[in-house]
Each structure stands twice: as C-alpha cells, then as structure tokens.
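Asks: Take this sequence and fold it.
(2 chains)
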Amino acid sequence: MIMPVMIIIMGIFILGLFMGLLQSLGYFKAIGLTEITLDYYKEVLSSKDFLSSLGFSLYVSIVSSLIAVVLGIVLAYSIVQRKGKGRLAEVIFKIPISVPHIVAVLLVYNILSQSGILPRLLYALGLIRDSSSFPSLIYDRRGIGIMITYLWKEIPFVAMVVYTVLDNINERLTEVALNLGASRRQAFFHVILPLILPSAFSAFIIIFAFSFGAYEVPFLLGPTTPKTLPVKAYVEYINPNFANRPYAMVINMIVTFICLGLVWLYFKAFKWISKYTGDFNG
Amino acid sequence: MARKGIVFRIITYAAAFLLAVPLLVILVWSFANNWPWPLVFPKEFGLRGWEYFFSPTSNSISILLYSILLSLTVTLITLLVTIPASRALALYEFKGKKLVEILILAPLIVSPVAVAMGIHQLFIKLRLANTFFGVVLVHLIPCIPYSVRILKNIFESVGDKFQMQGKVLGASPIQNFIYVTLPIISPGILSAASLVFTVSFSQYFLTFLIGGGRIITYPMVMFPFVQSGDRMLASVYSIVFILASLICLRSMDRLLKKYYKRGDYFYL
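Replies: The predicted structure follows:
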C-alpha cells in the first residue's frame, strides 16, 4: 500500500537529491567529470560572495520565522480568548493559504514600494515631502520587503497550527492554574505556552525551511546583492558553462544540510526536554 | 478583565484588516486606468486591464484552463497514491515505518529548488522534461506530504472498526473501500484535495525549471507582470488567480458532497 508513494518519493525526491549530491562532489559524467572531490565545497565555502549570501539568507529566514511564530501565537491566543470565534478566524486562516507567494509579493509591492499606497497616504497627510523620502523597503539590502511578504503568509499559518492545539487544551487548565492562585500572565507562560511550544517549534521549522529554500520571493523583491542562496544557486545553474553546475549543487546541498540539521536539533531538543520533565504531554 | 478582552479583540481585527486591505488595493488597481503618484485614489477608472486579460491575443483563459487541468491531474494522482499509504501508516505496524514517514514528510523541509535541479538532467534524458507529465510528476513531491498528513490523521481518528464490520458482513475489499472507507474519510479527502490543488496551482519554480518554458502555467504568465511592476495587469491576473482557485475548491466541495450526501457519517 505504501509502494506507489515510495516509488515517487524515491524515484524523484531522493534520486534528485542524490544526483545533486554527486554533482556537488564533482561527479558529473555528462561533461566528463568522474572524480569525487570536496574541492567545490572548499571553493564555495571560502568565497566571500557565498558567505554574504549565506548570511543574508539565514538572517531573512530566521528573523521572519521568529517574528511569525511570536505573532502567530499572540494571534491564536487572541482568537481563542475572543469567545465568539467562528467565521472571522476562518477567514484569517484561509486567506493567506489560497493566495500564492507571487500574489503576496504584489500585495506588498503595491503598499510598501516608494510609489505604493502607504507613502501616498503619508504624503497626503503631509508626513513626507516626496516619494523618495519614504525609506525603500523593496529590493533593499535589509530584506524588509521579503520578510514582510513571508510574514503576511506565515503569521496566519502559525496561528492556525497553534489555534488547533489551544482550542483543545485551553479552558480547564487555565482555570486550574487560576484557582491555584496563578495570575493570568503566569497561567499563560507556565501552563499554556509549554503546551503549545512543540507545535509552535515545528511550525517554525517548516516556515524557516520554506523561506530558506524558496526562490520566487527573494528573486522578485530582493536586492541584486547579496542574493539569497536559492537565487544564487539558480544563477550558477543557468550558466551556459556546464562546469559551473557543481557550484549550484554545492549551494543546494548546503541549504539542504542546514534545514536537515535544524530538524535533527528539533528532535534532540525534545528528547533533552523530556529527559528532565518526564514526558511532554503536560 | 473586560479591558483584556478588548485587547484580544483589537489584535484579531487588526490581523483581519492587514490581511484584507492589500486584497482590496489590488481590486482597485485592477480597475485603475490611470493612478499616478501621489494620488490616494485612481484618477481614471476603466476596464483596460480586464479587456487585455479577456482578449484572445493574451491567451490567458486557455492557459488558466490548462493550469487548472494540470493541478487537477496532480490532485488526483496525489490522492490515489496517498490514500492507501496514509491508511497503512495510520493503522498498521510494519518494519521501517518510521523511516517511511520521515521520507514522506521530508519534502516539507528540503528545498524544492535543490530537488528540481538534481532531477532535471535525468528528466531530460528520459524525455520527461518539457512535458505535461514531467511537470505533474515533479509537482507530486511538494504535494504528497500535505496529503499524507491530513489523511493519516483522519484514518487514525476513524480506526478500522467500520471496515471490520463491512468485512464481517461480507463486503469484498473493493466494495468495502468504495462503500465504507471512502464515505467515512470524504471530509479528509476534501481538505487534502483542496490543499494539494492550491500547492500545485501556486507552483512557479518547479514548473518553470522542469517545464522548460514549454509548459506554461498560470503563475508563469503572471510572473513577468509582477516582476516588471505592471500593477494594473498584475492585479487583474492576481484577482483571477484567487477567484479561479476559490471556484475550483468550491466545486470540489460540491462534487464530493453530492456524491456522499446519503446521511451523516457517524465517525467521531
């Protein structure tokens, strides 16, 4: 019963990664490279250009994912606290899912670019003198445009994940804590938060990995330099000189290793926590 | 206490506002023939963008339909392969189960860019690159984990007691599947199908690389307008994208409900 899925996963996903790995190690038969070597890794890892891309990618993904998780938890908690939940919550969760990243890019561009709605409003209110006195948040080296696009999609995603957990545990446990003399704040930080932490952390990994490995948003809204790693890998990949392919694959493999390393850390962290707390079911 | 309630209310409404306003802005942009800086409202409304979209020269409608067909194919295949796998993962113990689960969920974590570039060479050799089927195949990768996550959950909550009943009452495995299993898991199938369709329909990079510019899907036609900052046309295309996916999801919902509207299913 699991055969069909496994054929697809092994035949495309694993094989694709494996062939990428081989090429990153300099094995690329089509152009006569048959020697396994770590030279490409050494070369890429010592290139300044690569390091600044790595730094930029890590910075954009970590900052946007952290903010998304924190605000997502706040939003989910607020929705649960508002007693008459229902439709509004559903709208909040569903809009960003059916809007693809390309459209999300347009939304952010329309509002935050120097001729967008926000600077127009500020101008109308007399708060800025012309469009260029509005800070450039798009194509900027701080990656603000990229991060806001991700946040627009990801905060509701995190909220939805956390909401599912919160909705199942909320009432009773908080009441018990309050009865035992905890303040609302204590009840949140010592009772609710530990319970939603595992799912919030896994949501963090998913959105981090997505943004770290994604091409569209940084391609459309990012600065010319530094490029994020997937954009840089693609630039190397389409180089007409096939001898450049291994460099693209090295970048891809480094992206993959970092994401897998994070998942490994996740499992380690929860094993470590459960060692000290017995189990993690609360 | 009451003051606290207001804070939560404000946060919720602020979130809804920040999600909705940008969509209203593109709606206005799509009807704006002329909207120069620094006007807060367009100078001149018109249908120029929509006329372009519906004109035969832009070819948009047929590309949209082609794209929908491609994503429906992806959805169908994903469901066909993930329903049995999810059932196995939910109900049975077998050797290597943990590894299978990790492999199935791994595409959520690993960059599709890395996978696509790795497999591209092989797809070219097998003549799968630049074909409809090749693009469908590569779309399956990001879709499978979502579908398995949803379906596995529903199989776990339903268990296999109803199948046992069917078996005891003499249903063949096929009858059992069609008349017992499918109706019970239909809500799960619907949410899996919706999510898979959305993931496939939104795909840009995988289509663009494996399709090699021969297989043109809707996001690929949209991309240049967003890239060049042509707000009016990009807005028109975006609105159509959102509407089209809502209509597709709605029809899937209807279709499934019509099929299985023979009373309540009593799981949970």
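
Asks: show me where pLDDT drops low in chain B?
Replies: For chain B, the stretches with pLDDT under 70 are B:1-4, B:260-268.

Asks: where exactly do the helices run in it?
Replies: Assigned by DSSP state H, chain B shows helices spanning B:2-30, B:48-54, B:60-91, B:97-105, B:112-125, B:132-158, B:161-168, B:173-175, B:182-202, B:205-210, B:218-228, B:231-259.

Asks: Nearest to chain A: which residue in the stretch 151-268 of chain B?
Replies: At 3.4 Å from chain A, B:Ser202 is the closest residue in the stretch 151-268 of chain B, using C-beta to the nearest C-beta. Quick note: C-beta positions are derived from backbone N, CA and C, even for glycine.

Asks: Leaving out sequence neighbours, find the closest residue to that residue.
Replies: Nearest non-adjacent residue to B:Ser202, counting by C-beta to C-beta, 6 or more residues apart in numbering or on different chains: A:Pro100, 3.4 Å away.

Asks: dump the residue contacts of that neighbour.
Replies: B:Phe201, B:Ser202, B:Tyr204, B:Pro219, B:Phe241 (C-beta atoms under 8 Å, 6 or more residues apart in numbering or on different chains).

Asks: out of those, which is most surrounded?
Replies: B:Phe201 (25 neighbours; other C-beta atoms under 10 Å in any protein chain shown).

Asks: measure it to A:Ile12 for me?
Replies: Using C-beta to C-beta, to the nearest Å, B:Phe201 is found at 20 Å from A:Ile12.

Asks: need the residues of the stretch 51-200 of chain B near chain A, please.
Replies: B:80-82, B:84-85, B:87-89, B:100, B:103-104, B:106-119, B:121-122, B:137-138, B:140-141, B:144, B:148, B:195, B:198 (C-beta under 8 Å from any C-beta of the partner chain).

Asks: Buried subset of the residues you listed as a ChimeraX selection?
Replies: Selection of buried members from these for ChimeraX, criterion 16 or more other C-beta atoms under 10 Å in any protein chain shown:
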select /B:81,82,84,85,87,88,89,100,103,104,106,107,108,109,110,111,112,113,114,115,116,117,118,119,121,137,138,140,141,144,148,195,198
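
Asks: Secondary structure element holding the residue lying closest to B:Val7 once chain neighbours are set aside?
Replies: Once flanking residues are discounted, B:Val7 sits nearest to A:Ser78: 7.6 Å by C-beta to C-beta, 6+ apart. Following DSSP states H and E, the helix or strand that holds A:Ser78 is helix A:48-81.

Asks: Check which residues of that helix are buried.
Replies: A:50, A:53-54, A:56-57, A:60-61, A:63-65, A:67-69, A:71-81.

Asks: Then stretch A:113-129?
Replies: A:Ser113, A:Gln114, A:Ser115, A:Gly116, A:Ile117, A:Pro119, A:Arg120, A:Leu122, A:Tyr123, A:Ile128.

Asks: Please tell me how far the helix or strand hosting A:Leu88 is from the chain's geometric centre.
Replies: Element membership of A:Leu88 [criterion: DSSP H and E] is helix A:87-98. Helix A:87-98 sits 19 Å away from the centroid of its parent chain (C-alpha atoms, centre = their mean, to the nearest Å).

Asks: list the helices and strands the very next helix or strand once past it packs on?
Replies: Counting by DSSP H and E, the next helix or strand C-terminal to helix A:87-98 is helix A:101-112. If you count contacts as 3 or more C-beta pairs under 8 Å, 6 or more residues apart in numbering or on different chains; DSSP states H and E, helix A:101-112 packs onto helix A:117-124, helix A:144-179, helix A:216-221, helix B:2-30, helix B:218-228, helix B:231-259.

Asks: quick one: which of the ones you listed is nearest A:Val255?
Replies: Closest to A:Val255 of these is helix A:216-221 (C-beta to C-beta; 12.4 Å).

Asks: What's the separation between the closest residue to B:Tyr146 other than its chain neighbours and A:Arg184?
Replies: Closest residue to B:Tyr146 apart from its sequence neighbours, by C-beta to C-beta, 6+ apart: B:Leu195 at 4.9 Å. The spacing between B:Leu195 and A:Arg184, counted by C-beta to C-beta, is 36 Å.

Asks: And B:Ser238, by the same measure?
Replies: 42 Å.

Asks: Does the nearest residue in space to A:Asp39 that is not next to it in sequence belong to a helix, a strand or coil?
Replies: Distances taken as C-beta to C-beta, 6+ apart place A:Gly26 nearest to A:Asp39, at 6.6 Å, with adjacent residues excluded. Following DSSP: H, G, I helix; E, B strand; the rest coil, the label given to A:Gly26 is coil.

Asks: Return the backbone torsion pair for A:Gly26.
Replies: phi 80, psi 10 (degrees, to the nearest 10).

Asks: which ones are touching it?
Replies: Contacts of A:Gly26 by C-beta under 8 Å, 6+ apart are A:Leu33, A:Glu35, A:Ile36, A:Thr37, A:Asp39, A:Tyr40, A:Pro246.

Asks: how many neighbours does the fifth one have?
Replies: Residues lying near A:Asp39 (other C-beta under 10 Å) number 12.

Asks: now it: how far from chain B?
Replies: Going from A:Asp39 to chain B by C-beta to the nearest C-beta, to the nearest Å gives 19 Å.

Asks: before we move on, what about the first one?
Replies: Distance, A:Leu33 to chain B, by C-beta to the nearest C-beta: 13 Å.

Asks: per-residue confidence at that residue?
Replies: On pLDDT, A:Leu33 comes in at 84.

Asks: Test my guess that it contacts A:Ser24.
Replies: No. The pair A:Leu33 / A:Ser24 is not scored as a contact, 11.4 Å apart, by C-beta atoms under 8 Å.

Asks: Surely A:Tyr234 and B:Val113 touch.
Replies: Yes. A:Tyr234 is within contact range of B:Val113, at 6.9 Å (criterion: C-beta under 8 Å).

Asks: Now for these two: what residues contact both?
Replies: A:Tyr215.

Asks: thinking again about what came up before, OK, contacts around the residue nearest to B:Val7?
Replies: B:Val7, B:Phe8, B:Arg9, B:Ile11, B:Thr12, B:Ala15.

Asks: what's the average pLDDT for stretch A:11-19?
Replies: 97.

Asks: Would you point out the helix or strand in chain A whose mean pLDDT is lowest?
Replies: helix A:87-98 (a mean of 83; mean pLDDT, DSSP states H and E).

Asks: So which elements touch that one?
Replies: On a contact count with 3+ C-beta pairs under 8 Å, 6+ apart, helix A:87-98 meets helix A:48-81, helix A:144-179, helix B:2-30, helix B:182-202, helix B:231-259.

Asks: Spit out the contact partners of whatever residue of chain B ends up closest to chain A.
Replies: The nearest approach of chain B to chain A comes at B:Ser111, 2.5 Å away (C-beta to the nearest C-beta). Going by C-beta under 8 Å, 6+ apart, B:Ser111 touches A:Ala209, A:Phe212, A:Gly213, A:Ala214, A:Pro230, A:Asn252, A:Val255, A:Thr256, A:Cys259.

Asks: how close does the fifth one sit to A:Phe28?
Replies: Distance, A:Pro230 to A:Phe28, using C-beta to C-beta: 20 Å.
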